[in-house]
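>>> just the structure for this:
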Amino acid sequence: IGYAVREAPIYAGQKSDGSFGYQDNYSPEAWLASESFVENVSRNINASGQLRWDTPIKGLSLTGKAGVTYWTKYDKTYRAETYFDENKTVGPSTLNIWTSNNTNTILEALVNYEKTFGSHDLKVLAGTSVEQTSNKGLEGYRNTFPNNALYQLGAGDASTATNNSSLEEYALVSFFGRVNYAFKDKYLLEANLRYDGSSRFAKDNRWGIFPSVSAGWRISEENFWKNTRAGEVVNNLKLRASYGVLGNQNIGLYPYQAMISGVDDYPFTKTSDGVIIGYQQTAYANRNIKWETTTITDIGFDLQVFDGLSVTFDWYKKTTDDILRSSQVSSLLGLSAPTVNNGSVENKGIEVALNYANMVKGGTFRGFRYNAGVYFDRSRNKLTEFGAEEIGSYSIKREGLPYDEYYMLECIGVFADQAEINASPKQFNDNTQPGDLKYKDISGPDGKPDGVIDNYDRRTFSGRFPGFEYGINASATWKGFDLSLIGQG
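Numbers count the residues shown, from 1 in each chain. Next comes the predicted model:
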């Protein structure tokens, strides 16, 4: 399909004499008529299981879980020697085979304890997990086959054989715990702690500690609330707050190691036997990189009134520190930039959700249930620490602005005629024509408009992140019929 789109409609398909029209080396009809083919085979196996033991100690249980995902892929692409006409045949025939075997294994051990004593409810969880992934790949290629019926690698010309292989292995080990406490279902507390170790970091920085805590107070369960007029109207009111730290390790597999890659051949004698492959380090390694962290603070409340209307409100602030990214280095360095922990991004905003649900309890429409809700989110993003600004084709990373803010020329209209072009600053395009966009002269090398439109005239534009987001939903059910509506923007 891709080649058919590229071929102009002036070229013929298959002609009466069996030949084909073609453009350069493109003839989709000829390829479809040839013995060329693509064979893709994938197999996936997912298995999991668990064992649970309720110990003689009341409320104490032990659980072991295991899961494995195994998937293989076999890709075979054969491009036959293809006849276009008596003057052109595209060849020789080629065969490429790629096969991969991938395994992901997860082992988990958990200890649970639950206890209720009086008005106190306590739940404790402790556990550990190990996740390992291995991806293996093998590739082979040959060309020049005796005919298009022999499309196995062994049938190709041995002198054209090439091969390749790959291996990726990484692991994550975690220890974690959680404590839940409630008093009379009014005062709620949860505390979590994770201790994660990733193979993507060097030994000295491999482990990270990530705590979180949340608390809630159900005011509507207090006697001083129940005995007031507000208690008759408000069915549920809960204040809550949370604080937590998350870790990110998704930075590639071995960024802290000095990776060696094959480069051009190096001749050591005048004969072909003296040519060997050279290897070199291609990027600087940084063994000091560590976990990127995201700290989240949330304060909000849940409110339900009139036995049907619920309101949820949240104020949140999310700050990502020690961002894992490529270091800012000179192009004269000679090697690719190392990965570093540098930069901070802040996101904060509010979320409000309202929902109303009810049911008709009498009359003709008895049993009719209906629900309607609306959601609103207003957030602001700001790059609080980054270093030297980075300018892309249409965006900029600069401290104090949203991450990747738009950075472009300002269009102020369209040129109507040559007289307007002659009276305007020289545009970015040397061959400006009537109908072309007209850009504003904002600045120059000395910070002032200079009568020339160039990169000095670019400025920031908001819009990278929406000012707000919203969603609406409604549904109704009655006597086996249902209707729903969803919208967002």
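
>>> residue 460 - nearest residue in space that isn't next to it in sequence?
The spatially closest residue to residue 460, leaving aside those adjacent along the chain, is residue 405, at 5.1 Å (CB to CB, 6 or more residues apart in numbering). For the C-beta atoms, the positions are set from N, CA and C on the backbone; glycine is no exception.

>>> so what does that neighbour look like in phi/psi?
phi -60, psi 150 (degrees, to the nearest 10).

>>> so which elements touch the helix or strand containing residue 66?
In the assignment (DSSP states H and E), residue 66 maps to strand 60-79. When contacts are defined as 3 or more CB pairs under 8 Å, 6 or more residues apart in numbering; DSSP states H and E, strand 60-79 sits against strand 37-54, strand 94-117.

>>> adjacent strands (with direction) for the helix or strand that the longest one is followed by?
It refers to strand 94-117. As assigned by DSSP H and E, the chain's next helix or strand after strand 94-117 is strand 120-143. Using DSSP bridges, the strands paired with strand 120-143 are strand 94-117 (antiparallel), strand 162-183 (antiparallel).

>>> tell me the most buried of those strands?
strand 94-117 (a mean of 15; mean count of other CB atoms under 10 Å).

>>> how far does that one sit from its chain's centre?
20 Å (CA atoms, centre = their mean, to the nearest Å).

>>> what's the angle from it to strand 60-79?
170 degrees (axes from the mean of the first three to the mean of the last three CA atoms, to 10 degrees).

>>> and strand 94-117, what's its mean pLDDT?
Taken as a whole, strand 94-117 carries a mean pLDDT of 96.

>>> and it with strand 37-54, angle?
Using the same axes, to 10 degrees, strand 94-117 lies at 20 degrees relative to strand 37-54.

>>> adjust the sequence numbering to begin at 45 for everything that follows.
Yep, numbering from 45; the last one is strand 138-161 now.

>>> let's see strand 138-161 as CSV, backbone CA atoms only.
Extracted in CSV, the C-alpha atoms of strand 138-161 (Å, rounded to 0.1, in the frame of the first residue of the first chain):
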residue,chain,number,x,y,z
THR,A,138,16.6,-11.6,-0.5
LEU,A,139,15.5,-13.3,2.7
ASN,A,140,15.6,-11.9,6.2
ILE,A,141,14.5,-13.8,9.4
TRP,A,142,14.2,-12.4,12.8
THR,A,143,13.2,-14.4,15.9
SER,A,144,12.9,-13.3,19.5
ASN,A,145,12.3,-15.0,22.8
ASN,A,146,11.1,-12.9,25.7
THR,A,147,10.4,-13.8,29.3
ASN,A,148,9.1,-11.8,32.3
THR,A,149,8.9,-13.4,35.7
ILE,A,150,7.4,-12.0,38.9
LEU,A,151,7.6,-13.7,42.3
GLU,A,152,5.9,-12.2,45.3
ALA,A,153,5.6,-13.1,49.0
LEU,A,154,3.1,-11.4,51.3
VAL,A,155,2.2,-11.4,55.0
ASN,A,156,-1.2,-10.1,56.0
TYR,A,157,-2.5,-9.4,59.5
GLU,A,158,-5.9,-8.1,60.4
LYS,A,159,-7.2,-7.4,63.9
THR,A,160,-10.3,-5.7,65.4
PHE,A,161,-10.3,-4.8,69.1
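
>>> pretty sure residue 75 is in a strand, no?
No - per DSSP: H, G, I helix; E, B strand; the rest coil, residue 75 lies outside any strand segment and is helix.

>>> ok, it to residue 91 distance?
From residue 75 across to residue 91, the span is 41 Å (CB to CB, to the nearest Å).

>>> the two - which one has more neighbours?
Each of residue 75 and residue 91 has its neighbours counted (other CB atoms under 10 Å); residue 75 has more, 17 against 9.

>>> the more buried one contacts residue 128, doesn't it?
No - at 9.9 Å, residue 75 does not count as touching residue 128 under the criterion of CB atoms under 8 Å.

>>> what is the helix or strand where residue 362 lies packed up against?
Assigned by DSSP H and E, residue 362 falls within strand 353-365. If you count contacts as 3+ CB pairs under 8 Å, 6+ apart, strand 353-365 packs onto strand 336-349, strand 388-403.

>>> so what are the sheet partners of that strand and their directions?
strand 336-349 (antiparallel), strand 388-403 (antiparallel).

>>> any weak-confidence spans in the protein?
45-52, 54-55, 67, 69, 308-319 (pLDDT under 70).

>>> before we move on, the earlier item: out of the strands paired with strand 164-187, flag the one nearest residue 406.
With CB to CB as the measure, strand 206-227 is the member of the strands paired with strand 164-187 nearest residue 406 (38.1 Å).

>>> mind listing residues that contact the closest one?
Strand 206-227 is contacted by residues 163-186, 232-244, 293, 297 when judged by CB atoms under 8 Å, 6 or more residues apart in numbering.

>>> all helices for the stretch 245-394 of the chain, in order.
Counting by DSSP state H, counting those that start in this stretch, the stretch 245-394 of the chain has helices at residues 267-270, 273-277.

>>> could you dump those helices to CSV with mean neighbour count and distance to residue 107?
Below are the helices of the stretch 245-394 of the chain laid out as CSV (neighbours: other CB atoms under 10 Å; distance: least, CB to CB, whole Å):
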stretch, mean neighbour count, distance to residue 107
helix 267-270, 11, 39
helix 273-277, 11, 41
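
>>> want to throw those into TSV with distance to residue 250?
Shown next, in TSV, are those (distance: least, CB to CB, whole Å):
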stretch	distance to residue 250
helix 267-270	50
helix 273-277	53
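
>>> so which of those is nearest residue 455?
Relative to residue 455, the nearest member of the helices of the stretch 245-394 of the chain by CB to CB is helix 273-277, separated by 54.5 Å.

>>> and that closest one, how far from the chain's centre?
On CA atoms, centre = their mean, the centre of helix 273-277 falls 46 Å from the chain's centre.

>>> please enumerate residues in contact with that helix?
264, 269, 349, 350.

>>> how about TSV for the residues you listed, with distance to residue 456 added?
Output for these, formatted as TSV (distance: CB to CB, whole Å):
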residue	distance to residue 456
264	58
269	60
349	52
350	54
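
>>> that older thread, in JSON lines, list the strands paired with strand 353-365 along with mean neighbour count and distance to residue 525.
As requested, these are arranged in JSON lines below (neighbours: other CB under 10 Å; distance: least, CB to CB, whole Å):
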{"stretch": "strand 336-349", "mean neighbour count": "17", "distance to residue 525": "28"}
{"stretch": "strand 388-403", "mean neighbour count": "16", "distance to residue 525": "15"}
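
>>> for stretch 362-369, C-alpha coordinates in PDB please.
Extracted C-alpha coordinates of stretch 362-369, given in PDB (Å, rounded to 0.1, in the frame of the first residue of the first chain):
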ATOM      1  CA  LYS A 362       3.100  17.200  42.100                       C
ATOM      2  CA  THR A 363       6.800  18.000  41.900                       C
ATOM      3  CA  THR A 364       9.300  15.800  40.000                       C
ATOM      4  CA  ASP A 365      12.900  16.200  41.000                       C
ATOM      5  CA  ASP A 366      16.200  14.800  39.800                       C
ATOM      6  CA  ILE A 367      14.800  14.300  36.300                       C
ATOM      7  CA  LEU A 368      16.700  11.600  34.400                       C
ATOM      8  CA  ARG A 369      17.700  13.100  31.100                       C
END
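
>>> residues contacting residue 84?
Going by CB under 8 Å, 6+ apart, residue 84 touches 117, 118, 119, 120.
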